[in-house]
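Colleague: Sharing a model prediction with you, sequence too.
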Amino acid sequence: MVFKALRVPTLTEEVVDKLEMALSDIPGITYFAAGIEAQEFNIVFDDEQLDLQTLAHIMAQVGCPLRNINWVISEL
């Protein structure tokens with residue numbers, strides 16, 4: 001699955017660093033890329049190993065909650 005977040009008002013270099021660190025230890029995450037200037041990021045994950053609720057919880061813990069974010073989920 002691909003989680004694409006658009007117009008992320010809380011996306012700073014610090015938040016991107018925290019997301020990278022948190023996601024690097026999570027089974028099922030295969031790709032993460034962020035663009036601070038564009039205020040967006042993409043996460044590719046295996047939905048058999050990781051569900052959206054867990055991903056949202058991880059994001060909130062590092063300062064990037066789903067509220068106020070435009071996002072979509074799609075299949076690869």
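Modeller: Received, thanks. Quantities reported herein were computed from a predicted structural model and do not represent experimental measurements.
Colleague: And the helix ranked longest in the chain, what's buried?
Modeller: Counting by DSSP state H, the longest helix found in the chain is helix 13-24. Going by neighbour count (16 or more other C-beta atoms under 10 Å), the buried part of helix 13-24 is 15, 16, 18, 19, 22, 23. Using the backbone N, CA and C atoms, a C-beta is placed for each residue, glycine as well.
Colleague: got CSV for those, with distance to residue 68 and pLDDT too?
Modeller: Shown next, in CSV, are the buried residues of helix 13-24 (distance: C-beta to C-beta, whole Å; pLDDT from 0 to 100):
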residue, distance to residue 68, pLDDT
15, 13, 95
16, 17, 96
18, 17, 96
19, 16, 96
22, 19, 96
23, 20, 96
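Colleague: and of these, the nearest to residue 71?
Modeller: Among these, residue 19 lies closest to residue 71 (C-beta to C-beta), at 13.7 Å.
Colleague: Nearest residue to that closest one in space, ignoring adjacent ones along the chain?
Modeller: Nearest-residue entry for residue 19: residue 62, 5.5 Å, with adjacent residues in sequence omitted and distances by C-beta to C-beta, 6 or more residues apart in numbering.
Colleague: Let me see the contact set for the one you found.
Modeller: By C-beta atoms under 8 Å, 6 or more residues apart in numbering, the residues touching residue 62 are 15, 18, 19, 22.
Colleague: repeat for residue 74
Modeller: With contact set as C-beta under 8 Å, 6+ apart, residue 74 has these partners: 1, 2, 4.
Colleague: so which of the residues you listed is the most crowded?
Modeller: residue 1 (18 neighbours; other C-beta atoms under 10 Å).
Colleague: roughly how far apart are it and residue 49?
Modeller: 10 Å (C-beta to C-beta, to the nearest Å).
Colleague: swap in residue 36?
Modeller: Between residue 36 and residue 49 the computed distance is 28 Å (C-beta to C-beta).
Colleague: Residue 24 now?
Modeller: Taking C-beta to C-beta, one finds residue 24 at 14 Å from residue 49.
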